[in-house]
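S.K.: What would the 3D arrangement of this be:
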Amino acid sequence: MRFSSLSFQISGLKPLEKMRQFLICLLMWHLTGVFGDEVKSVSVMEGDSVTLHTDTKLQRDDLILWRFGPQGSLIARINRAANMISIYDDVLDGRFRDRLQVNDQTGDLTITNITTQHTGLYQIIISSKLKISYRFNVIVYAHLPAPVIIRDSCSSSNCMLLCSVLNVRDVSLSWYKGNSLLSIISVSDLNIRLSLPLEVEYQDTNTYRCVLNNTITNQTQHLNITQLCQTCSGVFGDEVKSVSVMEGDSLTLYADITEIKTDDLILWRFGPQETRIAKINKAANKISIYDDVLDGRFRDRLQLNNQTGDLTITNITTQHTGLYQITINSVRQISYRFNVIVYAHLPVPVITRDSCSSSKCVLLCSVLNMRDVSLSWYKGNSLLSIISVSDLSIRLSLPLEVEYQDTNTYSCVVNNPITNQTQHLNITDVCQPCSDSCQ
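M.R.: Here you go, the predicted structure:
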């Protein structure tokens with residue numbers, strides 16, 4: 001902490017009074033820096049108006065500047081001494097044109113008919129006897145579409161549904177059974193297609209609904225099982241068994257045959273093009289492995305049991321994720337399918353300090369280049385927040401705000417359906433009080 005630029009005129013006072021005046025000035029000087037670092041969060045729906053309040057009554061000689069964005073673009077100014085208000089609504093491609101209003105008594109800024117383009121950091125600087133600054137982080141949410149529920153697949157007794165929304169950001173998509181939450185997927189800072197599966201039985205009489213929500217509002221779609229889940233035709237040929245495995249392990253796909261008959265022909269295929277990867281011709285007593293197909297991803301990894309037709313993939317990688325099909329030509333043709341998902345080993349999540357204020361610290365828990373994972377904050381054993389993604393390889397980050405004096409235990413967990421990794425938070429180590437607020 002430096003005091004070289006701080007001076008006081010306190011001559012003529014008694015020593016005790018001098019000390020008291022010095023401490024008051026020091027406190028005022030310290031607090032001025034702190035409040036300048038505070039950021040107030042404001043959420044608003046697209047199309048509404050929002051007013052950023054200064055909570056100040058302007059003085060006669062005040063100069064007020066409103067700035068926006070990372071470059072601090074000037075969007076409004078009040079010069080009380082000159083009795084002049086200036087609106088710069090043509091900056092930044094005119095996104096503020098005819099939308100800004102400034103109150104010349106308080107300095108409050110109003111943005112009318114707001115859009116998602118107006119999301120960002122706003123700063124007001126009031127130059128008076130003291131220089132005061134306030135910041136507002138404004139998040140504008142687009143109106144939510146109603147989620148769409150479709151049938152994805154079916155079997156002899158169950159129906160697999162997908163609830164989906166397109167081109168949304170900063171939302172969560174959830175399935176509810178009555179009032180009980182069944183599953184949730186959340187994304188922020190992304191514009192993608194979100195889908196969340198649900199498996200139900202044809203005879204299920206429970207009430208289900210899919211809910212899309214952001215911080216301000218939500219949209220709900222109720223499920224009509226009778227309408228969507230008609231019994232599949234050709235059910236048994238459409239059976240798909242899901243199999244999950246960790247990268248580096250071995251996986252065996254079972255043909256469920258006690259013993260191959262003398263004249264059986266068995267074919268194993270992989271992927272959307274149904275590329276042949278293995279064959280057993282029992283009549284010719286011949287086994288063929290086609291492990292050089294598809295850029296050689298199966299090379300020296302396939303093993304075939306000539307008694308049962310089971311296929312084993314050794315030292316499996318994420319390149320082997322996909323649909324496998326076995327076709328058995330015997331007295332009749334039988335087909336089975338396996339949806340194999342190979343999960344990479346999870347890294348330990350990293351916790352860093354993102355920002356701070358006079359009393360609080362904002363942390364970020366992050367993992368890099370992950371897919372099909374969820375990232376969560378826990379307070380003790382209680383879930384605080386969660387973000388999940390599938391079919392993406394991105395950087396996932398999840399914020400947490402804590403006070404410096406907080407003595408609770410927090411942990412950040414990254415997990416997939418098979419395993420998880422946990423990072424415990426040490427508030428003392430990560431959340432040192434901000435040095436820039438004390439200078």
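S.K.: any idea where the helices of the stretch 51-200 of the chain begin and end?
M.R.: For the stretch 51-200 of the chain, the helices defined by DSSP state H, counting those that start in this stretch cover 91-94.
S.K.: where in it is pLDDT low?
M.R.: Residue ranges of the stretch 51-200 of the chain with pLDDT under 70: 155-156, 167, 187-193.
S.K.: need the strands for it, in chain order.
M.R.: Per DSSP state E, counting those that start in this stretch, the stretch 51-200 of the chain carries strands over the ranges 63-68, 73-79, 84-87, 100-102, 109-111, 120-127, 131-141, 148-154, 158-168, 171-177, 180-187, 192-201.
S.K.: Out of the ones you listed, flag the one nearest Thr215.
M.R.: strand 131-141 (6.7 Å; CB to CB). Every residue, glycine included, has its C-beta placed from N, CA and C.
S.K.: who touches the closest one?
M.R.: Residues outside strand 131-141 that contact it (CB atoms under 8 Å, 6 or more residues apart in numbering) are 32, 35-36, 38-46, 50, 52, 54, 56, 114-126, 170, 214-217.
S.K.: Buried only: go through those residues for me.
M.R.: Buried members of these, scored by 16 or more other CB atoms under 10 Å, are 36, 44-45, 50, 52, 54, 56, 114, 118-119, 122-126, 170, 214.
S.K.: mind checking pLDDT for Arg209?
M.R.: Looking at Arg209, its pLDDT is 93.
S.K.: got the angle between the host helix or strand of it and strand 171-177?
M.R.: Secondary structure from DSSP states H and E places Arg209 in strand 208-213. Counting by axes from the mean of the first three to the mean of the last three CA atoms, to 10 degrees, strand 208-213 lies at 160 degrees to strand 171-177.
S.K.: Surely Leu364 and Ser355 touch.
M.R.: No: taking contacts as CB atoms under 8 Å, Leu364 lies outside contact range of Ser355: 9.3 Å.
S.K.: anything in contact with each of the two?
M.R.: Common neighbours of Leu364 and Ser355 (CB under 8 Å, 6+ apart) do not exist.
S.K.: Check which helix or strand the residue lying closest to Ser385 once chain neighbours are set aside maps to.
M.R.: Closest residue in space to Ser385, ignoring its immediate chain neighbours: Trp377 at 5.0 Å, by CB to CB, 6 or more residues apart in numbering. Secondary structure from DSSP H and E places Trp377 in strand 373-379.
S.K.: relative to strand 171-177, how tilted is the helix or strand following that strand?
M.R.: Using DSSP H and E, the helix or strand that follows strand 373-379 in sequence is strand 382-389. Angle of strand 382-389 versus strand 171-177, following the same axes, to 10 degrees, is 110 degrees.
S.K.: which strands and helices sit next to strand 382-389?
M.R.: Under the contact criterion of 3 or more CB pairs under 8 Å, 6 or more residues apart in numbering; DSSP states H and E, strand 382-389 touches strand 180-187, strand 373-379, strand 394-403.
S.K.: Now do the closest residue to Thr317 other than its chain neighbours against Thr275, distance only.
M.R.: Spatially, and ignoring its direct neighbours in sequence, Thr317 is nearest to Glu247 (5.6 Å; CB to CB, 6+ apart). Per CB to CB, to the nearest Å, Glu247 is found 21 Å from Thr275.
S.K.: Tabulate the CA atom coordinates of stretch 402-414 in PDB.
M.R.: Extracted C-alpha coordinates of stretch 402-414, given in PDB (Å, rounded to 0.1, in the frame of the first residue of the first chain):
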ATOM      1  CA  VAL A 402     -17.700 -16.100  -2.500                       C
ATOM      2  CA  GLU A 403     -16.900 -13.700   0.300                       C
ATOM      3  CA  TYR A 404     -13.300 -13.500   1.600                       C
ATOM      4  CA  GLN A 405     -14.500 -14.600   5.100                       C
ATOM      5  CA  ASP A 406     -16.500 -17.600   3.800                       C
ATOM      6  CA  THR A 407     -15.600 -20.700   5.800                       C
ATOM      7  CA  ASN A 408     -17.700 -23.200   3.800                       C
ATOM      8  CA  THR A 409     -16.100 -26.000   1.800                       C
ATOM      9  CA  TYR A 410     -16.500 -25.700  -2.000                       C
ATOM     10  CA  SER A 411     -15.500 -28.100  -4.800                       C
ATOM     11  CA  CYS A 412     -15.600 -28.000  -8.600                       C
ATOM     12  CA  VAL A 413     -16.400 -31.400 -10.300                       C
ATOM     13  CA  VAL A 414     -16.000 -32.400 -13.900                       C
END
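S.K.: which residues touch it?
M.R.: 346-349, 351, 359-361, 363, 365, 367, 370, 373-380, 396, 398, 400, 420-425, 427, 431, 433.
S.K.: for that stretch, the distance to its chain's centre please.
M.R.: The chain centre lies 20 Å from the centre of stretch 402-414; the measure is CA atoms, centre = their mean, to the nearest Å.
S.K.: What are the structural domain limits within this protein?
M.R.: Domains of the chain are assigned by automatic domain parsing as 36-141, 148-228, 239-343, 350-438.
S.K.: For the longest one, what is the distance to the chain centroid?
M.R.: Right, the one you point to is domain 36-141. 29 Å.
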